[in-house]
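> Need coordinates for the below:
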Amino acid sequence: MPVVQHQYDLPDEDELAKLVGAATPHFAFQIRARVQAYRDALPPDHARIPELDAHLATLERLGTHGEHGGVDELDLPPSGSLVQD
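Presented below is the predicted three-dimensional model:
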């Protein structure tokens, strides 16, 4: 069976939290696609749908808005351009 056809079991809450928690903006949409596949495989009334929806929203936000690391104010001024005008 090719890897793309293999279906994985839904990870438990802890495993899913580790997967989503380790996401970076660069990989957020790839991880979101995997979480979406888990959600799509569940029946519409499954108890874990709200949890998966929350993770999907987190990954969408991370992928579109990035991560700021909780820094509100920069401690250094922004660097100048390397291009001479």
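
> what sits up against stretch 11-24?
For stretch 11-24, contacts defined as CB atoms under 8 Å, 6 or more residues apart in numbering pick out 10, 31, 34-35, 38, 48, 51-52, 55, 58-59, 62, 67. C-beta coordinates here come from the backbone N, C-alpha and C atoms, glycine included.

> Report the central residue of this protein.
L59 (3.1 Å; CA atoms, centre = their mean).

> What residues does that residue make contact with?
V20, A23, A28, F29, I31, R32, V35.

> Next, the first one: secondary structure please.
For V20, the secondary-structure state derived from DSSP: H, G, I helix; E, B strand; the rest coil is helix.

> Helices of the chain, start to end?
Using DSSP state H, the helices assigned to the chain run over residues 13-21, 28-40, 49-65.

> Looking at those helices, which is nearest to S81?
Of all the helices of the chain, helix 49-65 sits nearest to S81, with 24.0 Å by CB to CB.

> now the helices of the chain in CSV, with mean pLDDT and distance to L74?
Output for the helices of the chain, formatted as CSV (pLDDT from 0 to 100; distance: least, CB to CB, whole Å):
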stretch, mean pLDDT, distance to L74
helix 13-21, 91, 25
helix 28-40, 94, 23
helix 49-65, 94, 17
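
> wait, which of these is closest to P77?
The nearest among these, by CB to CB, is helix 49-65 at 23.2 Å.

> And stretch 57-72, what's buried?
Going by neighbour count (16 or more other CB atoms under 10 Å), the buried part of stretch 57-72 is T58, L59, L62, G63.
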